[in-house]
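> curious how this folds, go ahead:
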Amino acid sequence: MQASHLTIDPVIPSEAEGPLLVGGTTEQVPPLRLPSTSLQRGVTPRAAGVALGSGRDDGSFRRGWPKAGWGRLLILLALLGMSVPASAETVLRVSMHSDLKIIDPIWTTAQISADHGYLVYDTLFSLDEKLTIKPQMVDRWEVSPDRLTWTFTLREGLAWHDGAPVTGADCVASIKRWGARDSMGQMLLAFTRELSAPDDRTIRLELKEPYGLVLAALGKTGANVPFMMPRRVAETSPNSQLGDATGSGPFIFKKDEWKAGEKAVYLKNPKYKPRDEPPSGFAGGKIAKVDRIEWIWIADSQTQVNALLKGEIDVIQITPYDLLPLIDKSKDVTTQVVDRPGRQFIMRFNTLAKPFDDARIRQAVTYALTQKEFLEANVGDARYYRECRSLFPCGLPLESAVGWEDRWSGDLAKAKKLMAEAGYDGTPLVLLHQTDLVAHNNLATVARPQLERAGFKVDVQAMDWQTLVARRNKKDPPQAGGWHAFFTSSAALSIADPVTHFFLNASCEKAQYGWPCDAELERLRDQYARVGDLESQRPIALAVQRRAADYPTHLPLGQFTTPTALRRNITGLLTAPAVVFWNVEKK
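Predicted coordinates for the structure are as follows:
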């Protein structure tokens, strides 16, 4: 979301509280005697007549055992070097929208990698539930009168999962690596004269000229999120994938238990230092209330829902729309829309591949396709979708039909005219078709007949999402393993303005896969970044939208929200642009 629509909260929070010290009373108790043969033979206290219970809050610890006797048992077990668990480990089992195969949320824009990042990393700033920018790892910050120097002070006591302290140098390296990949990060670094760490708790950003989106950049959501990493990790080339997931977030990634195609495991970080404020969106105190999170990969939607109804899993991140009636009938399961602005279906063009290197061919596609068929085939339930004739998501401040009034019209005559002008020679369009994502597996198949009606030849190539994620980075010719277009979706807040919208980045080789190269789009995006109020931003955003109609980098295909299904004993799921698992309890 653009800076002028985000409230900057300058509050300087106090340090997070330390651990609670729980005291107790002492009592004189007579010695407890159990038959010596019980322990010698390996008989448990339960077998010796001690009701230890199951960890449930049902009084089972007390039945048949007086209070004084329980106290004597604790003393005995302590003397014998035995431990008594305070409670059973709490495990949250979740079926995510995709299998986790890439753990580097900077190298890829795949949402599943960002979801992974929210668990293990933290950010300097974050958006709360009301889309206000709040400090997260930052304690306080100052801006010079000329707005050229920004000084950020980190909170005390922040530490990486390996125990090393978080330093300003770590954050500098993280910002630079993120800024090499992310469109908003690239813009921020283009305005930067120097980024340094004067001491362990300080980050200093010196600008060449005032930039209106500093905090909006450091607190952005979606892909790519500016997650902070240790310097030794962040200095990895941005063009190489990370294999080290050391972060400072509320959960620790158990790489030794990660099995792509099966599960990913996260453990509560016992050393995490949350903020004092209540959790809100991505901001506030990120308190882990479960001990272990398991992402269980279940490719089949019906199997997902059956597992949820049986209590074998606790949460389905994105619920299959056609199976909602089953969930609605269950008294043990409910649904919740976490990301209220929703997502936008998108067709991404590869501007390097003929014939899409000619903007007129891409324009022809914008006339040939209609949104409603995509929405009906992939969502179906009208409660969760809407047509949106705007490059920027509907319901957000920059929504407008300017420049796109006659697009998504199914105007075959207009499409054929543009194809003829560009000299389309019948080259088949290679469309990458993911088959394993809920609400995304009928995008390419809907596009195919619409494009064929306009006169295009189409080659739909099916694959799972993670294979697509790898292939879309290839610049090979489509007939040699490359591609012409693929289909995806993006969180509305990730594409809310010309700078945050990574598919509008037209900086050639520095742009995201598809690699659009247009000096006018870049000039307008640069102009947008220099102003900080909506009144000044809006006309620039409209100019961007008009230019993108002439030089399409992608095509929006409608807007939708995704219900998350969860068992009723799961509470605390936060309203945010993505599903996050701090504050979640399993009762």
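> skip the chain neighbours and tell me the closest residue to Y118.
Setting aside the residues directly before and after it, Y118 is nearest to V580 in space (Cβ to Cβ, 6 or more residues apart in numbering), at 5.2 Å. Using the backbone N, CA and C atoms, a C-beta is placed for each residue, glycine as well.
> oh, I was asking about A169
A197 (4.4 Å).
> from S248, how far off is the one you found?
To S248, A197 is 16 Å away according to Cβ to Cβ, to the nearest Å.
> tell me which of these two has more neighbours.
S248 (25 against 19; other Cβ atoms under 10 Å).
> was I right about the residue nearest to A169 contacting I203?
Yes. The criterion here is Cβ atoms under 8 Å, and A197 meets it with I203 at 5.9 Å.
> joint contacts of the two?
Listed contacts common to A197 and I203 are 168, 171-172; contacts here mean Cβ atoms under 8 Å, 6 or more residues apart in numbering.
> looking at those residues, spot the one nearest I252.
The shortest approach to I252 among the shared contacts of A197 and I203 belongs to C171, at 19.7 Å (Cβ to Cβ).
> how many other residues sit next to the closest residue to E277 other than its chain neighbours?
In space, and not counting its chain neighbours, E277 is closest to G284: 4.2 Å by Cβ to Cβ, 6+ apart. G284: 22 surrounding residues under other Cβ under 10 Å.
> residues contacting G284?
G284 neighbours (Cβ under 8 Å, 6+ apart): 128, 134, 275, 277-278.
> just among those, which is most surrounded?
That'd be K134 among these, by other Cβ under 10 Å, with 25 neighbours.
> ok, and the closest non-adjacent residue to that one?
A283 is the one closest to K134 (Cβ to Cβ, 6+ apart), at 3.9 Å.
> domains for this structure, by residue range?
Using automatic domain parsing, the domain parsing of the chain gives 94-336+564-586, 343-560.
> what about the first one, start to end distance?
This means domain 94-336+564-586. Terminal residues of domain 94-336+564-586 lie 12 Å apart, using Cα to Cα, to the nearest Å.
> cool, and the shortest one?
Taking Cα to Cα, the first and last residues of domain 343-560 lie 5 Å apart.
> what's the pLDDT at the nearest residue to A299 once chain neighbours are set aside?
Excluding the flanking residues, the one nearest A299 by Cβ to Cβ, 6+ apart is D436, at 5.4 Å. According to the prediction, D436 has pLDDT 87.
> equivalent analysis for the one 4 residues further on, please.
H440 carries a pLDDT score of 90 in this model.
> that one: how many residues sit nearby?
21.
> assumed it was part of a helix.
No. Under DSSP: H, G, I helix; E, B strand; the rest coil, H440 falls outside any helix and is assigned coil.
> if I look at the closest residue to it other than its chain neighbours, how far off is S113?
Closest residue in space to H440, ignoring its immediate chain neighbours: Q434 at 5.8 Å, by Cβ to Cβ, 6+ apart. According to Cβ to Cβ, Q434 stands 15 Å off from S113.
> of the two, which one has the most company?
Under the neighbour definition other Cβ under 10 Å, Q434 and S113 were set side by side, and S113 has more, 24 against 21.
> tell me which residues are up against the strand or helix carrying the more buried one.
Per DSSP states H and E: S113 is located in helix 111-120. Residues from elsewhere that reach helix 111-120 (Cβ under 8 Å, 6+ apart): 96-100, 102-105, 107, 161, 222-225, 227, 245-247, 249-253, 264, 266, 282, 293, 317, 491, 578-581.
> and it, average pLDDT?
Helix 111-120 comes out at a mean pLDDT of 96.
> ok, and the closest non-adjacent residue to V402?
L542 (4.9 Å).
> quick one: contacts for V379?
Taking Cβ under 8 Å, 6+ apart, one finds 321, 385, 439, 560 in contact with V379.
> may I ask you to name the longest helix in this protein?
Criterion DSSP state H: the longest helix present in the chain is helix 534-550.
> give me the next element, helix or strand, following that one.
According to DSSP H and E, the helix or strand after helix 534-550 is strand 554-560.
> about what we covered before: the residue nearest to H440 and V579, how far apart?
20 Å.
> also E522?
34 Å.
> which of those two has more residues huddled nearby?
Set E522 next to V579 and count neighbours by other Cβ under 10 Å: V579 wins out with 24 against 20.
> correct me, but the more buried one touches V338?
Yes. V579 lies in contact with V338 (Cβ under 8 Å); the separation is 5.3 Å.
> need the overlap of contacts for the two.
564, 573.
> now Q512: how far from T108?
10 Å.
> let me fix that, I meant to ask about A283.
On the measure of Cβ to Cβ, A283 and T108 end up 24 Å apart.
> related to what we said a few turns ago, need the contacts of V379 in JSON lines with neighbour count and distance to T90, can you?
Shown next, in JSON lines, are the contacts of V379 (neighbours: other Cβ atoms under 10 Å; distance: Cβ to Cβ, whole Å):
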{"residue": "Y321", "neighbour count": "20", "distance to T90": "30"}
{"residue": "Y385", "neighbour count": "24", "distance to T90": "36"}
{"residue": "A439", "neighbour count": "25", "distance to T90": "30"}
{"residue": "F560", "neighbour count": "22", "distance to T90": "33"}
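> quick one: which of those is nearest to R140?
For those, the nearest to R140 is F560 (39.5 Å; Cβ to Cβ).
> so what's the residue nearest to Y118 up against?
118-119, 282, 574.
> distance of it from A368?
Distance from V580 to A368, by Cβ to Cβ: 39 Å.
> now the longest helix of the chain: average pLDDT?
pLDDT averaged over helix 534-550 gives 96.
> which helices and strands sit right next to that helix?
helix 359-368, helix 519-529 (3 or more Cβ pairs under 8 Å, 6 or more residues apart in numbering; DSSP states H and E).
> contacting residues around it?
Contacts for helix 534-550 (Cβ under 8 Å, 6+ apart): 2, 4-5, 359, 363, 366, 390-392, 397-398, 400, 402-404, 407, 497-498, 504, 518, 520-521, 524-525, 527-528, 531.
> keeping just the C-alphas, turn it into PDB.
The C-alpha atoms that make up helix 534-550 are tabulated as PDB, following Å, rounded to 0.1, in the frame of the first residue of the first chain:
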ATOM      1  CA  LEU A 534      -2.300  10.900  -2.200                       C
ATOM      2  CA  GLU A 535      -3.300  14.100  -4.000                       C
ATOM      3  CA  SER A 536       0.100  14.100  -5.800                       C
ATOM      4  CA  GLN A 537       0.400  10.300  -6.200                       C
ATOM      5  CA  ARG A 538      -3.000   9.600  -7.800                       C
ATOM      6  CA  PRO A 539      -2.500  11.400 -11.200                       C
ATOM      7  CA  ILE A 540       0.900   9.700 -11.500                       C
ATOM      8  CA  ALA A 541      -0.600   6.300 -10.800                       C
ATOM      9  CA  LEU A 542      -3.300   6.900 -13.400                       C
ATOM     10  CA  ALA A 543      -0.500   7.800 -15.900                       C
ATOM     11  CA  VAL A 544       1.200   4.500 -15.000                       C
ATOM     12  CA  GLN A 545      -2.100   2.700 -15.700                       C
ATOM     13  CA  ARG A 546      -2.500   4.300 -19.100                       C
ATOM     14  CA  ARG A 547       1.100   3.500 -20.000                       C
ATOM     15  CA  ALA A 548       0.600  -0.100 -18.900                       C
ATOM     16  CA  ALA A 549      -2.400  -0.400 -21.200                       C
ATOM     17  CA  ASP A 550      -0.100   0.500 -24.100                       C
END
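> show me which residues of that helix are buried.
By 16 or more other Cβ atoms under 10 Å, the buried positions in helix 534-550 come out as 537-538, 540-545, 547-549.
> nearest to R147, of these?
Closest to R147, out of all of the buried residues of helix 534-550 and judged by Cβ to Cβ, is Q537, at 17.0 Å.
> so how far is K289 from that closest one?
Distance from Q537 to K289, by Cβ to Cβ: 39 Å.
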